[in-house]
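Peer 1: Any chance you could fold what I've pasted below:
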Amino acid sequence: MLHSTLTLCLLHVTVSSNLAIAIKKAKRPPQTLSRGWGDDITWVQTYEEGLFHAKKSNKPLMVIHHLEDCQYCQALKKVFAQNEEIQEMAQNDFIMLNLVHETTDKNLSPDGQYVPRIMFVDPSLTVRADITGRYSNRLFTYEPQDVPVLIENMKRALRLIQSEL
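Peer 2: Now for the predicted structure:
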């Protein structure tokens, strides 16, 4: 009887610990740097780090300026995080940075400091002010319905780099 009880307890502990390990592996905690823009994307912490990695990896840097309490930013963030094509390109083809504060590089705000604002920097560290959204009053802003424009601009940033090789 004692042997059966011990075996049953040992079996219970083994199953419980294996189940806990499986649950822990399956549920990946969100990356704090993603701020909700895509937890599977590797995000850099600073603009300077992004520039370093862009040059080193020969990938464009995508800089997303946003604020946590901005309803337009939240709406764009939601569609950005849910769009598989954007997420895949962001994971594989870009150095990614999202900022809730301005940088000292004034080239990242050629037409003002507003949010949301998405800009691209090529591996030669040139801010690509020629890659714009569809609004003439805020050239680098995107709204949720502008996802096709953003995808095309991401592809354009990649093509520009390919053509410079």
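
Peer 1: for the closest residue to Ser34 other than its chain neighbours, phi and psi?
Peer 2: Distances taken as Cβ to Cβ, 6 or more residues apart in numbering put Trp43 closest to Ser34, at 5.6 Å, once the chain neighbours are dropped. Using the backbone N, CA and C atoms, a C-beta is placed for each residue, glycine as well. When quoted as degrees, to the nearest 10, the phi and psi of Trp43 stand at phi -110, psi 140.

Peer 1: what's the distance between Trp43 and Leu97?
Peer 2: 7 Å (Cβ to Cβ, to the nearest Å).

Peer 1: These two: which has the busier surroundings?
Peer 2: Using other Cβ atoms under 10 Å as the criterion, Trp43 and Leu97 rank with Leu97 on top: 25 against 20.

Peer 1: Just checking, which helix or strand succeeds the strand or helix carrying the more buried one along the chain?
Peer 2: In this structure, Leu97 is located in strand 95-99 according to DSSP states H and E. Past strand 95-99, further along toward the C-terminus, the next helix or strand under DSSP H and E is strand 117-121.

Peer 1: could I have that following strand exported to PDB, CA atoms only?
Peer 2: Extracted C-alpha coordinates of strand 117-121, given in PDB (Å, rounded to 0.1, in the frame of the first residue of the first chain):
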ATOM      1  CA  ARG A 117       5.000  58.500 -37.900                       C
ATOM      2  CA  ILE A 118       6.900  55.700 -39.600                       C
ATOM      3  CA  MET A 119      10.200  56.400 -41.300                       C
ATOM      4  CA  PHE A 120      12.900  54.300 -43.000                       C
ATOM      5  CA  VAL A 121      16.600  54.600 -42.700                       C
END
